[in-house]
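Trainee: Next input, structure requested:
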Amino acid sequence: MGLSIRTRGGATLAGTAALVLAGGAVGCGAGKGDGASGSERTVQQVLTVAYEKTAEAKSAKVEMTMSMPAAMDGGGEATMTGVMGWDPTVMDVTMKGSMLATEGGPEQVRMIWRDNVMYMDMGAESAKDMDGKRWMKLDLAAAAKASGDEAVTKQMTSGLENMNQNPAEQLAMLLESPNLKHVGSEKIDGAETEHYKGTLTVKEMMASNKNLEVLEPKDREKLLENIEKSGIKGYDTEVWVNEDDLPVRMDVGMETPQGNVDMSMKFSDYGAKAEVEVPPAGETFDLFEMLKDLEGMAGDESSLDGSGV
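Mentor: Next up is the predicted model:
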């Protein structure tokens with residue numbers, strides 16, 4: 001079915017979106033009335049206003065592109081387009097690209113997120129093996145809670161929160177970083193913008209990412225160690241803010257031993273309706289419940305084998 005590859009691809013895109021970070025050093029940008037004296041503002045002032053306006057908008061249309069080295073697990077290229085909202089978090093996007101390239105798999109996958117649950121349309125072919133149900137349900141929080149393992153629960157919940165990142169939260173993290181600079185004025189899709197660029201080390205990213213606070217200190221150290229072992233030293237980040245003080249594009253690049261990981265997200269139509277409807281229960285199968293059933297069947301067979309029957 002190729003399910004694990006497709007699921008990993010979607011999670012990778014969403015998780016990497018959480019790393020769209022940059023620093024907040026002194027710089028100048030085209031000024032607007034935010035209480036600052038003169039016609040120019042510091043980077044911190046620009047991004048603070050951008051954060052406030054983005055948080056207030058609560059939704060936008062999004063176009064995301066991502067490229068990962070073929071040598072990397074889940075590598076390839078992918079695009080995601082659709083609408084996302086925050087406070088509360090909702091998402092309705094379609095993903096396609098070589099990350100989904102599995103034998104018999106769909107050419108594109110629609111992903112819906114609401115109430116902290118992800119639904120993925122696995123296509124008509126997959127539905128043939130699932131009693132006509134084509135939508136896979138992923139409830140990480142429920143799975144973590146059912147595990148009964150506090151460490152697992154914290155880690156899975158943290159992963160869930162990272163997937164829930166939105167541009168407002170990304171801008172909030174930008175303000176915590178030390179070395180963002182103003183590059184200049186540019187046009188993005190015909191719109192006048194101010195371009196900012198910076199870098200963030202792994203330690204700085206972890207320090208500014210509030211979602212990682214759910215982890216115990218030893219777990220945070222282990223995560224840092226694992227990231228550093230992967231060869232990732234930091235993140236090159238760029239953000240473009242338009243005349244309305246809203247981010248219209250965010251890019252992040254990471255150098256790894258396998259090659260570069262590059263991601264770009266474009267935002268438009270802030271305040272667009274994000275009324276996301278989940279698929280009917282009759283067309284949905286719960287991956288977590290399915291795996292529990294399979295585990296139970298395996299346990300029953302093991303008991304039979306052990307009884308000598």
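
Trainee: Poorly predicted segments of the stretch 51-200 of the chain, please.
Mentor: Applying pLDDT under 70 to the stretch 51-200 of the chain picks out residues 101-105, 143-165, 173-174, 176.

Trainee: All the strands of it, residue numbers only.
Mentor: 59-68, 76-85, 90-96, 108-114, 117-121, 135-138, 181-188, 191-201 (DSSP state E, counting those that start in this stretch).

Trainee: Are there helices or strands packed against the longest one, and which ones?
Mentor: Where contact means 3 or more CB pairs under 8 Å, 6 or more residues apart in numbering; DSSP states H and E, strand 191-201 is packed against strand 29-30, helix 43-57, strand 181-188, strand 234-242, strand 247-256. Bear in mind the C-beta positions are built from the backbone N, C-alpha and C, glycine included.

Trainee: Do me a favour and average the pLDDT over the first one.
Mentor: Strand 29-30 shows a mean pLDDT of 37 in the predicted model.

Trainee: after it comes which helix or strand?
Mentor: strand 40-41 (DSSP states H and E).

Trainee: Partner strands of that following strand, with direction?
Mentor: According to DSSP bridges, strand 40-41 has the following sheet partners: strand 29-30 (antiparallel).

Trainee: how many neighbours does the nearest residue to Lys96 once chain neighbours are set aside have?
Mentor: Distances taken as CB to CB, 6 or more residues apart in numbering put Gln108 closest to Lys96, at 3.7 Å, once the chain neighbours are dropped. As a burial measure, Gln108 scores 15 neighbours (other CB atoms under 10 Å).

Trainee: Who are the contact partners of Gln108?
Mentor: By CB atoms under 8 Å, 6 or more residues apart in numbering, the residues touching Gln108 are Thr94, Met95, Lys96, Leu100.

Trainee: Just the buried subset of those, please.
Mentor: Met95, Lys96, Leu100 (16 or more other CB atoms under 10 Å).

Trainee: hmm, back to that, distance-wise, check the residue nearest to Lys96 relative to Thr79.
Mentor: Going from Gln108 to Thr79 by CB to CB, to the nearest Å gives 9 Å.

Trainee: repeat for Tyr270
Mentor: Tyr270 is 21 Å from Thr79, by CB to CB.

Trainee: Gln44 now?
Mentor: 33 Å.

Trainee: Kindly report the same for Met290.
Mentor: Taking CB to CB, one finds Met290 at 29 Å from Thr79.

Trainee: Who has more neighbours out of those two?
Mentor: Counted by other CB under 10 Å, Met290 and Thr79 do not tie: Thr79 has more neighbours, with 17 against 13.

Trainee: Quick check, that one in contact with Val62.
Mentor: No - counting by CB atoms under 8 Å, Thr79 does not reach Val62; the two are 10.7 Å apart.

Trainee: Quick check: nearest residue in space to Asp286, chain neighbours excluded?
Mentor: Using CB to CB, 6+ apart, the closest residue to Asp286 is Lys137 (4.7 Å).

Trainee: can you count the residues close to the one you found?
Mentor: 21.

Trainee: And for Met66?
Mentor: 23.

Trainee: Kindly report the same for the one 5 residues further on.
Mentor: In terms of burial, Ala71 registers 10 neighbours under the definition other CB under 10 Å.

Trainee: out of the helices and strands packed on strand 191-201, which comes closest to Arg114?
Mentor: For Arg114, the closest of the helices and strands packed on strand 191-201 is helix 43-57, at 18.7 Å, according to CB to CB.

Trainee: List the buried residues for that closest one?
Mentor: Val43, Gln45, Val46, Leu47, Thr48, Val49, Ala50, Tyr51, Lys53, Thr54, Ala55, Ala57.

Trainee: Please apply the same query to stretch 270-282.
Mentor: Neighbour counts over stretch 270-282 (16+ other CB under 10 Å) mark Tyr270, Ala272, Ala274, Val276, Val278, Pro279 as buried.

Trainee: Dump those residues to TSV, plus distance to Trp240 and secondary structure.
Mentor: Shown next, in TSV, are the buried residues of stretch 270-282 (distance: CB to CB, whole Å; DSSP: H, G, I helix; E, B strand; the rest coil):
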residue	distance to Trp240	secondary structure
Tyr270	14	coil
Ala272	19	coil
Ala274	22	coil
Val276	27	coil
Val278	33	coil
Pro279	35	coil
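
Trainee: Great, nothing more from me.
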